[in-house]
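>>> with the input below, show me the fold.
(chains A, B, C, D and E, ligands or ions: 4)
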Amino acid sequence: MGWLGPAEIEALRLSLRVSFWATIVSLPLGIFVAYALARWRFPGRQVLNGLVHLPLILPPVVTGYLLLLTFNVQAPVGRVLADLGVVVAFRWTGAALAAGIMAFPLMVRAIRLSIEAVDPKLEQAGATLGASQPFVFVTVTLPMILPGIIAGAILAFAKAMGEFGATITFVSNIPGQTQTLPSAVYAFLQVPGGESAAMRLVIISIVIAMGALLLSEYVGRRAAARVAGT
Amino acid sequence: MGWLGPAEIEALRLSLRVSFWATIVSLPLGIFVAYALARWRFPGRQVLNGLVHLPLILPPVVTGYLLLLTFNVQAPVGRVLADLGVVVAFRWTGAALAAGIMAFPLMVRAIRLSIEAVDPKLEQAGATLGASQPFVFVTVTLPMILPGIIAGAILAFAKAMGEFGATITFVSNIPGQTQTLPSAVYAFLQVPGGESAAMRLVIISIVIAMGALLLSEYVGRRAAARVAGT
Amino acid sequence: MSLSVQISHRLPGIDLDILFQAPRGVTVLFGRSGSGKTTIVDAVAGLLRPQAGRVAVDDWVLFDTEQGHWLPPHRRRLGYIFQEGRLFPHLTVRQNLSYGRWFAPRGARRENPDHVIEMLGIGHLLDRRPAHLSGGEKQRVAIGRALLASPRLILADEPLAALDEARKAEILPYFERLRDEVSVPILYVTHSAAEVARLATSVVALQDGKVLRQGPASEVLADPSVAPTGVRAVGAVLEVSVAAHHEDGLTELTANGVRLFLPRIPHSVGDTLRIRIPAQEVILSDRKPEGLSALNVLQGTVESVRAGEGPGAIVSVRTPAGTLLARVTRRSVDALALQPGKPCHAVVKTVALAPQDVGGRVAKS
Amino acid sequence: MSLSVQISHRLPGIDLDILFQAPRGVTVLFGRSGSGKTTIVDAVAGLLRPQAGRVAVDDWVLFDTEQGHWLPPHRRRLGYIFQEGRLFPHLTVRQNLSYGRWFAPRGARRENPDHVIEMLGIGHLLDRRPAHLSGGEKQRVAIGRALLASPRLILADEPLAALDEARKAEILPYFERLRDEVSVPILYVTHSAAEVARLATSVVALQDGKVLRQGPASEVLADPSVAPTGVRAVGAVLEVSVAAHHEDGLTELTANGVRLFLPRIPHSVGDTLRIRIPAQEVILSDRKPEGLSALNVLQGTVESVRAGEGPGAIVSVRTPAGTLLARVTRRSVDALALQPGKPCHAVVKTVALAPQDVGGRVAKS
Amino acid sequence: AEVLVFAAASLKTALDQIAPEFEAATGQQVTVSFAASSVLARQIQLGAPADLYISANTAWMDVLERNGDIDPASRVDLVGNGLVLIARAGQPSEQTLTPDFDLSGQLKGGYLAMALVDAVPAGIYGKAALTALDLWNDVQDQVAQADNVRAALALVASGAAPMGVVYRSDAQAEARVDVVGIFPEGTHPVIVYPAALTATARPEAHVFLDYLQSEPATGIFKAQGFTLPHG
Ligand SMILES: Nc1ncnc2c1ncn2[C@@H]1O[C@H](COP(=O)(O)OP(=O)(O)OP(=O)(O)O)[C@@H](O)[C@H]1O
Ligand SMILES: Nc1ncnc2c1ncn2[C@@H]1O[C@H](COP(=O)(O)OP(=O)(O)OP(=O)(O)O)[C@@H](O)[C@H]1O
Ligand SMILES: [Mg+2]
Ligand SMILES: [Mg+2]
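Ligands and ions are numbered 1, 2, ... in the order given. Modelled structure (predicted):
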């Protein structure tokens, strides 16, 4: 990567790390929330649903600002976390948190749609064979929604790779810590003549995201083909 | 709405108009693309798939910048459109275009997942009864993916309501033409002490988007219940 | 209208090599689970594209791989009753039923929906959606949907398997009417010998994707070596006409001048019918039996004795009414010294000629 | 082990009010399409929560709405064979079959998978996924999946409807064995009189969500007014023991000292069996018939004559072997002057006692 | 230990050149986080570990000063800038703007690209200048406001808008635009980039702040089109 400076390679690595962890860590929660929204009726369900969608509705800057208000070291939540040894403010973990939150609605929606498409009669069949609800979930529902999970994860990863507004607002744009690829692009776009450097980074994002996309298509198709037979 | 100034009411109206049209106009195309990606195998399918996802991956500013390069009146595409009487640059239509493009991947993904969950055997049954492929689509597939379409549309609408980076870069911020709610929020956040005004607007967005969300849940559940039986 | 089917298709599970010609009427595909019946029906419907083959109804070619001709399913004007229902879950029963009518050409023969709905006993379900229908209710709606599509070709894949006997007895005459009056070619999959005997113009017995035997129902069913659902399916088919309806609830038939009785059937005096007399319902006697509750005794001579595997044998007896088959034990063959040429009497219990085994009017072929 | 079921449940389509006690063995639910059979089975399985009711196997209470007791489905240790298969599409046949085994307690009785697979004829399908299995193949895998779950209660909703006669004949003995040896309570839905006769310890006849009649198979089947699948299901059930196997392929049975012959059955000499003699397979004679191919002639006296609707009548004849039922025409009743007390002979064709109608070892209740 | 600088994004080019020079000269590491002044100011208020804050306007610096988030003693005006009217390259060359300037005529129905006129410094300055020149009322309906001054520049550079109001430093770096008018000094508040150490700054930061005001750095700023305040 001779045409990438060390700072840019750093930004790329950071972006990958942030997006990867944002996706991986939020996936179990996303599956759980999607399942709850799809299959359970409980008070506050619509509130949860609204909360999940919030990052989509809010301008990213606002989300970032709210995160900053919540998780800065002076705020109660931030202080509790800091006492537990988890500092997210101005760390790459914070960037991952922001990216994960921004991507969460996309992930949940995709997974939820898949869950709603699973015939509850199959889950019932699992129950009659002795599998408890969590077991049915793991052995029946989960494999059947795999295409949806992959779709959700890849949407989330792509979104995380492109996320910028909330991230820069929350954890700033510190090279090596919180300067992701999009933040670097932003910085380049703020100065005269930065366009070509910005485009270089954009192309890298595209290549990576497309690679992830192709991979997910392949895995998703295989998962779907398994269900469709042969 | 005594606590909203006329400019803010204007921004709100514009945001609703932009998001509504962005969603409505892109919906048929979204359904078509989702169907093509889900059911057809054709050369360039993965390229189309990548293109659709591009706005998700790119920082919004970049998308806006690319739109600006493509659709401004000096550019070939923009000029052709202008000759046809369609001017998008600096118009609310441009804002809708930007919002629609930014929301498109979310819409397509949701619809596509639903289409993939429809059993082709039902479509075959329609064919044996004499319905041609488009007819089967309209009478069988479409009603069955209604929950997915609603989910896709609502995701798109919510995204459009929150979209800001691409919009302002592409069509800038012209009060009454292209100043949407998020642009106004952004503007408030730039000046010291603007937070409370910004939050007021944010709350309005939230209320509207949550209303749309609840409505979509309701409609989606009714559609799903129809399929699940009474 | 004759149906000609030729299909070659390799699947991981089975190698299909099928060739049969079926005369007008009902062609029954008969064969064990997994022998390829549904696959053939799918190919005729156009849901499966065989690697090679040709299917035509008279000179209306549905597909011909050699000529690259392929009519898509929606152009084939089918009434396909699927083995698994495949009702549209988002439509009410009424909408499911009328789905095919949108696409039927103006001039097409139209079934009377009220009549079909009544026959199927689904009048009270019309406004419900399929999800919570019972198994048999779904199947009945599926039958109705196919029949109301004004099809030019009916494909029925075990249409009555999920139904109780009483309901079957109500629906079977309808298929007979389709066969006889409307002369829609029907490809019919079933495991039930009674249905075969009653409906089949032609039977195609399948095994592992190959045609084991094919021919008129009466021939295939009379051959104990192929009867694919076991010896119980063996029987003779006689052509009879209705002579009179008696007051005590019996109907008198004549078969070549020989009188036969069976419980009242709905056909008019003078109608020509086919009845099936299962081989196991026939008792042979070496003298004229007397004082028996059985009303039908036919005099005849033994034509042949075929010993099958096991303790049984199939004896065919030429009688004035036609050739009857009787399934008896080899012990009885010996005891009665049954051999070709030997005169004997065939005793048929009246009630063994139950309505299920009475065919509709014989089609004029 | 006795099964007691009490269910009250209102649905848009049907009002269910069910109360029955079933002795150990197989309880067959019998009734027309839409009469509520699947709904009852679902309630027993815990897939449907009835508005009121109680289901218990002996003192193991599955649910009791009054006491607010509710065992979730996965705690009921079921082997539910669904009417529509419900195989897991993402698992291979092998994985489907072994699904339930993960959850069976260590100590549970284990079926031999190889044996079940062989019986069902699905050995060649083990590595395939269900999507492209044929209808009957799916159903067989579904049966296997339920049986291999080491269930304490088997629920079978028309398990054999999609299968050919030959395959049915292979699977039925297996259910008999479950009933007799393992004494798993079985709730069995079917439309087939042969299956009822063969398996049922107790029959529950349903109509529109209500119990029409309930009792031992022999009683319910002998009552022409309820036989839910039509008069063909009427028949007598005799208890017999195997006396000898003859070289010509016949098995000799004794029923209270009376000899009966039927084609070789696989049971050992000395075994006690139940056989069903369908009423329509019996011919009555006012004198001792001679020269007939039928091997089984039982002397007896007419006990009662019940004229049903239509031209037929059910005559019960007390013989030393037990009470037989004969379905004859009223014309014959008059001709033979059949009336209580009249001596007569009952003629039963040997081969009419086909293997399907032979029950397994009688359970010691 | 590194020095963490929070700087307005428009300083990126300059600081990206100065930082290596400083590191070479002192052996000290400098890390710069570029974002909007408003974003950075809020982050500093909420505990960001920044040592030095360089804002694109005085407003946010004033806020921090009032709240005690910076060390007031260290506050300096680092660089200044001018405001210009630009058009696509190939236009008649620059003139000083006066109230007689026919701005709306020159726009020919097109839009005047500016940064957000009530929110972003360049827009605020521009609106003030146009108002002072009595041109604002003529053109206010023709103003396309971008979210930052670089986006306004891009609108002109791409041809979407015929003219725009931007900083001189921006105009100088973009070949596709020409300066067609210069806003006189007095028509708008003084354009300065104030810099100050944060309340939590480490001592090394002081060295860098000093370095920014000394020779190699000031040369680089000037080369970028910035002015040096007070001389
Ligand atoms: N959730 C429901 N809502 C409305 N009606 C229902 C529901 N579930 C079942 N029914 C109706 O209750 C009746 C009994 O259904 P059930 O499935 O128990 O019938 P069944 O005896 O199993 O019939 P089959 O032999 O056709 O399978 C049917 O008429 C059915 O339509
Ligand atoms: N797409 C496929 N891939 C692999 N094997 C297949 C496929 N389709 C069908 N088969 C196999 O071909 C055989 C014939 O299937 P088919 O559905 O035609 O049987 P059938 O005669 O209808 O049986 P049934 O009476 O059980 O419905 C089966 O063994 C089936 O598993
Ligand atoms: Mg089949
Ligand atoms: Mg049922």
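>>> for the residue nearest to residue C:182 when sequence neighbours are not counted, give its distance to residue C:151.
Leaving aside its sequence neighbours, residue C:182 sits nearest to residue C:109 (CB to CB, 6 or more residues apart in numbering or on different chains; 6.4 Å). Quick note: C-beta positions are derived from backbone N, CA and C, even for glycine. Residue C:109 sits 9 Å away from residue C:151, going by CB to CB, to the nearest Å.
>>> ok, the two, which is more surrounded?
Neighbour tally, residue C:109 and residue C:151, criterion other CB atoms under 10 Å in any protein chain shown: the higher count belongs to residue C:151, 27 against 10.
>>> ok, now how distant is that one from chain A?
Going from residue C:151 to chain A by CB to the nearest CB, to the nearest Å gives 28 Å.
>>> residues contacting the most centrally placed residue in chain E?
Residue closest to the mean C-alpha point of chain E, counted by CA atoms, centre = their mean, is residue E:56 at 4.9 Å. Contact analysis of residue E:56 by CB atoms under 8 Å, 6 or more residues apart in numbering or on different chains lists E:8, E:10-11, E:37, E:121, E:193.
>>> surely residue A:37 meets residue A:112?
Yes. Look at residue A:37 against residue A:112 with CB atoms under 8 Å: they come within range, at 5.5 Å.
>>> which one of these two has more residues nearby?
Set side by side, residue A:37 and residue A:112 show more neighbours around residue A:112, with 28 against 21, by other CB under 10 Å.
>>> let me see the mean pLDDT of the helix or strand that contains residue A:150.
Take DSSP states H and E as the rule and residue A:150 turns out to sit in helix A:146-162. On average, the pLDDT along helix A:146-162 is 89.
>>> what helices or strands is it leaning on?
For helix A:146-162, the elements it packs on are helix A:6-39, helix A:92-117, helix A:181-189, helix A:195-228, helix B:45-57, helix B:92-117, judged by 3 or more CB pairs under 8 Å, 6 or more residues apart in numbering or on different chains; DSSP states H and E.
>>> quick one: contacts of stretch A:175-185?
A:7-8, A:10-12, A:14-15, A:18, A:90-92, A:94-95, A:99, A:161-164, A:167-168, A:171-173, A:187, A:198, A:201-202, A:204-205, B:59, B:61-62, E:31-33, E:35.
>>> using PDB, write out every CA atom in that stretch.
Backbone C-alpha positions of stretch A:175-185 (Å, rounded to 0.1, in the frame of the first residue of the first chain) are rendered in PDB as follows:
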ATOM      1  CA  PRO A 175      -5.400   9.800  14.900                       C
ATOM      2  CA  GLY A 176      -4.600   6.400  16.100                       C
ATOM      3  CA  GLN A 177      -7.400   6.400  18.700                       C
ATOM      4  CA  THR A 178     -10.600   7.600  17.100                       C
ATOM      5  CA  GLN A 179      -9.700   8.700  13.600                       C
ATOM      6  CA  THR A 180     -11.600   6.200  11.500                       C
ATOM      7  CA  LEU A 181     -11.500   6.200   7.700                       C
ATOM      8  CA  PRO A 182     -14.600   8.400   7.300                       C
ATOM      9  CA  SER A 183     -13.300  10.900   9.900                       C
ATOM     10  CA  ALA A 184     -10.000  11.100   7.900                       C
ATOM     11  CA  VAL A 185     -12.100  11.600   4.800                       C
END
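>>> re the thing from before, keep only the contacts of residue E:56 that also lie close to chain B.
Here nothing survives when the contacts of residue E:56 are matched to chain B using CB under 8 Å from any CB of the partner chain.
>>> who wins on neighbours among the residues you listed?
residue E:121 (30 neighbours).
>>> secondary structure class for residue E:90?
coil (DSSP: H, G, I helix; E, B strand; the rest coil).
>>> which residue, other than its chain neighbours, is closest to it?
residue E:178 (6.9 Å).
>>> so what touches the helix or strand hosting that neighbour?
Using DSSP H and E, residue E:178 falls within strand E:177-182. Residues outside strand E:177-182 that contact it (CB under 8 Å, 6+ apart): E:82-97, E:101, E:106, E:153, E:156-157, E:163-164, E:168, E:171.
>>> out of the residues you listed, which sit inside helices?
E:106, E:153, E:156-157, E:168, E:171 (DSSP state H).
>>> show me where chain E has its strands.
Shown for chain E, the strands assigned by DSSP state E span residues E:2-8, E:29-35, E:52-54, E:76-80, E:83-88, E:95-96, E:112-115, E:143-146, E:163-167, E:177-182, E:192-197.
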